[in-house]
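Engineer: Okay, here's the prediction I keep looking at, along with the sequence it came from:
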Amino acid sequence: MLHTRIRSAIVIGLVAGLGVWFGGWVFFALVLLVAGMAGYEFTLMMQAGGHRVSLLFVYAIIVLFMLDAAFAGRNIARHGLVWILILSISWQILYYRPGSSTVDWALTVSGGLYVGWLFSFFVSLRALPDGLVWTAAALVSTWASDSGAYFLGQAIGRHRLCPLISPNKTWEGIAGGFLGGILAGGCVGALAMYWAGALGVVQGLILGVLVSCTAPFGDLAVSMMKREAGVKDTGTLIPGHGGILDRTDSLMFVAVVTYYFATWTMQWQ
């Protein structure tokens, strides 16, 4: 199981690394593809929980926010979202189910916002000056934090972090996540300063702390959804990891935090 998990992580890392390196429309297409698969898994998960979530409108919101990030300043999300809200609730009215339609509509809209809006920050992050470095730092720090949490939690984890949502997560794992995230952030910051003149050790360490604080909440958010829906994994696409949403839940939160930290840092340079 561990070997399968490691092999899958290597493949994911290579694909993500190439996408980040090329940037532009190649990166946009990769993020859109991943977000689309995550939206599909979210929809199936909610449907497994007995909710009638519309995949069409989930996709529409995801594409809307991706385009809004790619064409910044054109207010695509503002002008498009209002029509999706009206059309999606009208669809629920036409196919009304007593006691369920309002919740189904809310889950459709919130699912699209959750996946589409959060993933769109990767597009915005990569488009920043030094966006290549910032995006790479976000990915590497998150993966290192997740790995540190997994291995230390497996080795010495005793004190449960959030047993009602995810019984396997421990405070010891959180400590391992902090060690991994901060170490990776500092290393990436140092390398980036040496090779590209961007970031720096201090910024990298701070980003590592932010990632280590943020990533567990992204992970627990999907764990909460799975528990509510009564499913073990969001999918089976990635051997050893589950679904796309299982693998990107932390990254979705981290993308937002990294983007705002990067823009704040640039203002003070």
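Structural biologist: Structure received. Keep in mind it's a predicted model, so treat the numbers as computed, not measured.
Engineer: Leaving out chain neighbours, which residue sits closest to residue 13?
Structural biologist: Closest residue to residue 13 apart from its sequence neighbours, by C-beta to C-beta, 6 or more residues apart in numbering: residue 143 at 7.1 Å. Glycine gets a C-beta too; all of them are placed from N, C-alpha and C.
Engineer: what residues are up against that neighbour?
Structural biologist: By C-beta atoms under 8 Å, 6 or more residues apart in numbering, the contact set of residue 143 is 9, 13, 184.
Engineer: what residues are up against the last one?
Structural biologist: With contacts defined as C-beta under 8 Å, 6+ apart, residue 184 is in contact with 140-141, 143-145, 208.
Engineer: May I see the residues you listed organised as JSON lines, with pLDDT, distance to residue 103 and secondary structure added?
Structural biologist: Formatted as JSON lines, the contacts of residue 184 follow (pLDDT from 0 to 100; distance: C-beta to C-beta, whole Å; DSSP: H, G, I helix; E, B strand; the rest coil):
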{"residue": "140", "pLDDT": "94", "distance to residue 103": "39", "secondary structure": "helix"}
{"residue": "141", "pLDDT": "95", "distance to residue 103": "36", "secondary structure": "helix"}
{"residue": "143", "pLDDT": "92", "distance to residue 103": "35", "secondary structure": "helix"}
{"residue": "144", "pLDDT": "93", "distance to residue 103": "38", "secondary structure": "helix"}
{"residue": "145", "pLDDT": "93", "distance to residue 103": "34", "secondary structure": "helix"}
{"residue": "208", "pLDDT": "95", "distance to residue 103": "39", "secondary structure": "helix"}
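Engineer: Greatest separation within these: which pair is it?
Structural biologist: The widest separation within the contacts of residue 184, taken as C-beta to C-beta, falls between 143 and 208 and amounts to 11.9 Å.
Engineer: just the helices in the protein please.
Structural biologist: Secondary structure of the chain (DSSP state H): helices located at 2-22, 24-48, 55-70, 76-94, 101-112, 118-126, 131-156, 171-196, 201-229, 244-267.
Engineer: what sits up against the fourth one?
Structural biologist: Contacts to helix 76-94, defined as C-beta under 8 Å, 6+ apart, come from residues 54, 57, 60-61, 64-65, 67-68, 101-102, 104-105, 108-109, 112.
Engineer: Same check on the second one?
Structural biologist: With C-beta under 8 Å, 6+ apart as the test, helix 24-48 has contacts from 15-16, 19-20, 53-55, 58-59, 62-63, 66, 70, 107, 111-112, 114-116, 119-120, 122-123, 126, 225-226, 229-231, 234-235, 237, 243-245, 248.
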